[in-house]
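1. Sharing a model prediction with you, sequence too.
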Amino acid sequence: MNVFTETFDIGDGRMVTIETGKMARQADGAVLVRMGKCAVFATVVSAKEPRPGADFFPLSVDYQEKFASAGRIPGGFFRRESRLSDYEVLISRLVDRTIRPLFPDGYINDTQVNAWLLSNDTEVMPDTLVALAASAALTISNIPFQGPISEVRVAKIDGEYVLNPSKTQLAEATLDIIVGATAKDVMMVEGECHEVSETELVEAIRIGHEAIKLQCDAQLRLAAQCGKEKREVLPVPQDETLLARIIEFGKQRTYEVAAAALSKKERSEQFGAIETEFVELLKSELPEGEEALSSETLKFVDTYFHDLQKKVVRDMILDERKRLDGRQLDEIRPISVEIDLFESPHGCALFTRGETQSITSVTLGTKLDELMLDKAEGIEFQKFILHYNFPGFSTGEVKPNRGPGRREVGHGNLAMRSLKQVLPTDEDNPYTIRVVSDILESNGSSSMATVCAGSLALMDAGVKMKKAVSGIAMGLITEDNRFAVLSDILGDEDHLGDMDFKVTGTADGICGIQMDLKIDGLPYEVLIQALEQARQGRLHILGKMNEVIATPRSDYKPHAPRIVKILVPRDMIGAIIGPGGKIIQEMQRETNTVINIEEKNNMGEVLISSANLEAIEAALKRIKAIVAIPEVGEVYEGVVKTIMEFGAFVEFMPGKDGLLHISEISHQRLPSMDGVMQEGDHVTVKLIGVDPKNGKFKLSKKALEAPPPGMENRPPRDNRDRPPRSDNRPPRNDNRPPRR
């Protein structure tokens with residue numbers, strides 16, 4: 001068994017090792033990547049033959065965290081790893097988006113990348129190592145992958161750029177992006193920022209790319225030791241005669257449709273009509289006895305018409321600076337904004353931009369509504385949740401309603417990370433917030449419509465956002481030395497173009513970014529122009545949004561839950577909860593509130609929530625009474641809890657009992673407690689003292705009553721004059737045995 005390794009320094013003396021030859025030797029490629037205690041294992045397998053009839057590259061990338069990697073057993077009923085979590089899906093997407101463009105045209109063999117986290121390190125982020133492992137496995141295999149690639153995280157911490165920071169360092173970052181690239185070109189960028197400038201973002205991408213070049217060199221050195229010869233990829237079959245006929249028949253007509261500034265549906269129908277007419281022409285030329293065209297011919301026709309449309313539209317944009325819907329390159333589609341559409345949601349907004357529309361709602365919940373994430377490294381709770389839904393009718397299609405796909409998860413995550421930057425801090429926001437974006441129409445940039453609608457709905461709900469956030473999707477058409485940067489791209493411009501570059505932010509800076517390239521190379525000069533054009537578009541959209549609502553509502557909707565937060569001494573948490581939760585459950589039941597208690601910073605944080613302010617005040621009063629410190633001399637309303645021979649125990653404050661001695665009930669001497677009081681009686685008492693030995697409280701009722709006539713000046717019983725003891729007492733017997 002031959003084992004091959006390659007080691008390199010990722011920075012600051014942190015070593016990364018790539019190893020192959022020991023594990024999963026029947027896979028086409030398998031590597032183990034280690035950094036610190038973190039170990040990521042990746043395998044790749046590709047079918048020997050193309051998938052019959054496929055017109056796309058069937059690639060799947062799956063990353064999974066084994067719970068054993070952190071010494072944990074999964075939660076849930078089955079206690080085993082199951083479907084990928086959203087977190088794992090997002091990492092899988094990062095790898096997929098970077099490697100997919102690097103397979104040759106015509107390679108349609110089923111290909112699968114599997115990556116596992118086998119050992120967890122609490123300070124090492126595994127996501128970037130997954131791409132390195134996947135690329136290394138592909139590079140040493142015989143699969144025709146035109147890499148290698150790698151990914152690095154770039155963060156800005158205390159004004160300095162840091163490569164692949166630790167989890168502790170990342171908590172202080174103002175910029176957090178992942179860059180995916182080959183040694184030559186940047187392929188993918190995704191991340192979040194605290195309103196950074198375009199210049200800062202470009203510099204972070206540059207730094208990340210330089211680090212990736214070193215990682216690509218390490219993979220090539222490993223491949224030189226053990227790499228396999230790449231498979232031959234057969235050229236894509238062509239029918240040059242048919243292609244020439246289609247160009248002659250449809251080029252001018254395709255241009256006329258593209259230049260007519262039609263709606264998405266009309267344009268699609270007219271493009272389809274041209275192709276249908278050509279197919280009918282071919283059928284009319286069939287030899288006698290043949291009634292149908294071969295499937296191969298129909299596939300050629302469909303492919304060539306698609307290529308013709310792409311060529312015509314791209315040339316129209318590059319040569320005439322004219323877009324499919326007639327806009328200028330930097331022009332934004334018409335925008336319509338509505339808020340407060342319905343009476344029951346806590347906040348809602350309808351955002352329409354051209355033929356893309358999102359209806360977004362906001363729901364305010366309590367701590368009990370937080371999202372629990374069961375990850376290998378431990379359980380986490382998330383109090384800001386954003387869900388993005390993309391039903392089939394939004395594009396006029398019939399599609400079964402199933403769970404969210406990877407695209408929905410990715411788009412929702414981008415919107416969530418963007419809006420999160422402007423939310424109030426946890427100290428200022430006691431709510432769990434759920435935002436749901438349902439796409440009603442889609443013709444490009446529905447994720448950016450979600451950002452805009454989400455910002456509007458949060459303001460409509462009264463959430464104290466720091467600023468409004470908008471988003472815009474940029475496109476790129478490039479050929480030879482010509483290029484055109486497009487603002488607010490349509491779906492067709494995304495499909496036919498070379499770049500999908502989404503940028504979100506406030507008026508003061510960038511909050512989120514997601515970029516995918518379909519070409520080799522993006523000059524930084526073009527990237528800078530795209531970012532500046534995106535900034536202008538973002539400001540235009542913000543202006544339209546601010547015309548409807550520019551700042552959050554001064555108060556929440558009347559039917560929204562209210563949450564009051566108070567801090568109590570940590571040692572009083574038990575008193576509020578009571579034995580077995582008796583006191584807190586009784587309070588919640590009697591006041592119709594929800595009460596949550598959590599220990600934070602050596603204090604108890606109590607959250608009281610209800611849609612009824614009076615109910616909150618009632619619960620708040622009872623909690624304050626529990627945590628209040630009784631003061632000697634103060635008067636309290638109490639309840640008799642227990643009757644004893646020597647007096648009664650009275651609960652004069654919630655959770656606090658004191659002794660009302662029989663001698664403190666009345667100025668008159670009481671022979672016994674019979675008939676004086678009953679359990680449950682309400683009584684007004686005064687706190688007259690605290691026993692220094694045991695801290696027990698002494699109560700008095702008579703101290704609040706005027707003494708009867710003749711007793712006004714009578715001293716307390718313990719200080720009255722007593723007769724002197726008789727001196728005629730018998731002497732003490734000193735010979736008595738001691739007491740046992």
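-> Noted; the coordinates are in hand.
2. what's the strand or helix carrying Asp319 packed up against?
-> Secondary-structure element containing Asp319, defined by DSSP states H and E: helix 295-320. If contacts are counted by 3 or more C-beta pairs under 8 Å, 6 or more residues apart in numbering; DSSP states H and E, helix 295-320 sits against helix 240-258, helix 264-284, strand 470-479, strand 482-487, helix 491-496. Every C-beta, even on glycine, is put in place using the N, C-alpha and C of the backbone.
3. How about the secondary structure of Glu338?
-> Here Glu338 is recorded as strand under DSSP: H, G, I helix; E, B strand; the rest coil.
4. swap in Leu527?
-> Three-state assignment for Leu527 (three-state DSSP): helix.
5. Please name whichever of the helices and strands packed on helix 295-320 is nearest to Gly159.
-> Gly159 lies closest to strand 470-479 among these, at 26.7 Å (C-beta to C-beta).
6. now that closest one and strand 482-487, what's the angle there?
-> Calculated by axes from the mean of the first three to the mean of the last three C-alpha atoms, to 10 degrees, strand 470-479 forms an angle of 160 degrees with strand 482-487.
7. Average pLDDT for strand 470-479, rounded please.
-> In this model, strand 470-479 has a mean pLDDT of 94.
8. ok, now stretch 49-64?
-> Mean pLDDT, computed over stretch 49-64, is 91.
9. Pull up the distance across that stretch, start to finish.
-> In stretch 49-64, first residue to last residue: 27 Å (C-alpha to C-alpha, to the nearest Å).
10. Name the residues of it that are buried.
-> Judged by neighbour count using 16 or more other C-beta atoms under 10 Å, the buried positions of stretch 49-64 are Phe57, Leu59, Val61, Asp62, Tyr63, Gln64.
11. Surely the last one touches Leu117?
-> Yes: using C-beta atoms under 8 Å, Gln64 is in contact with Leu117, at 7.3 Å.
12. thinking again about what came up before, comparing the helices and strands packed on helix 295-320, which comes out most buried?
-> strand 470-479 (a mean of 24; mean count of other C-beta atoms under 10 Å).
13. which stretches of the protein form helices?
-> Here the chain has its helices, by DSSP state H, at 86-99, 127-140, 167-170, 198-226, 240-258, 264-284, 295-320, 406-420, 446-461, 491-496, 524-546, 573-577, 582-591, 613-627.
14. Nearest to Ala349 among those would be which one?
-> Closest approach to Ala349 among these is made by helix 446-461 (3.6 Å; C-beta to C-beta).
15. The closest one versus helix 524-546: what angle between them?
-> 40 degrees.
16. Output helix 446-461 in PDB with nothing but the alpha carbons.
-> Extracted as PDB, the C-alpha positions of helix 446-461 are listed here (Å, rounded to 0.1, in the frame of the first residue of the first chain):
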ATOM      1  CA  SER A 446     -35.700  36.700  -6.800                       C
ATOM      2  CA  SER A 447     -33.200  36.400  -3.900                       C
ATOM      3  CA  MET A 448     -32.500  40.100  -4.100                       C
ATOM      4  CA  ALA A 449     -36.300  40.800  -4.100                       C
ATOM      5  CA  THR A 450     -36.300  38.700  -0.900                       C
ATOM      6  CA  VAL A 451     -33.700  41.000   0.700                       C
ATOM      7  CA  CYS A 452     -35.700  44.100  -0.200                       C
ATOM      8  CA  ALA A 453     -39.100  42.700   0.800                       C
ATOM      9  CA  GLY A 454     -37.500  41.300   4.000                       C
ATOM     10  CA  SER A 455     -36.200  44.700   5.000                       C
ATOM     11  CA  LEU A 456     -39.500  46.400   4.300                       C
ATOM     12  CA  ALA A 457     -41.500  43.700   6.300                       C
ATOM     13  CA  LEU A 458     -39.100  44.000   9.300                       C
ATOM     14  CA  MET A 459     -39.700  47.700   9.400                       C
ATOM     15  CA  ASP A 460     -43.400  47.200   9.000                       C
ATOM     16  CA  ALA A 461     -43.300  44.900  12.000                       C
END
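17. which residues does Lys167 contact?
-> Thr122, Glu123, Val124, Met125 (C-beta atoms under 8 Å, 6 or more residues apart in numbering).
18. again, only this time at 6 Å
-> When contacts are counted by C-beta atoms under 6 Å, 6 or more residues apart in numbering, Lys167 touches Glu123.
19. isn't Glu408 right up against Leu386?
-> No: under the criterion of C-beta atoms under 6 Å, Glu408 makes no contact with Leu386, lying 11.1 Å away.
20. Filter the buried residues of stretch 49-64 down to just the ones in strands.
-> Using DSSP state E, the subset of the buried residues of stretch 49-64 located in strands is Leu59, Val61, Asp62, Tyr63, Gln64.
21. from those, which is closest to Glu586?
-> Nearest to Glu586 among these is Gln64, at 45.7 Å by C-beta to C-beta.
22. Run through the bridge partners of the closest one.
-> Under the criterion DSSP bridges, Gln64 forms beta bridges with Trp116.
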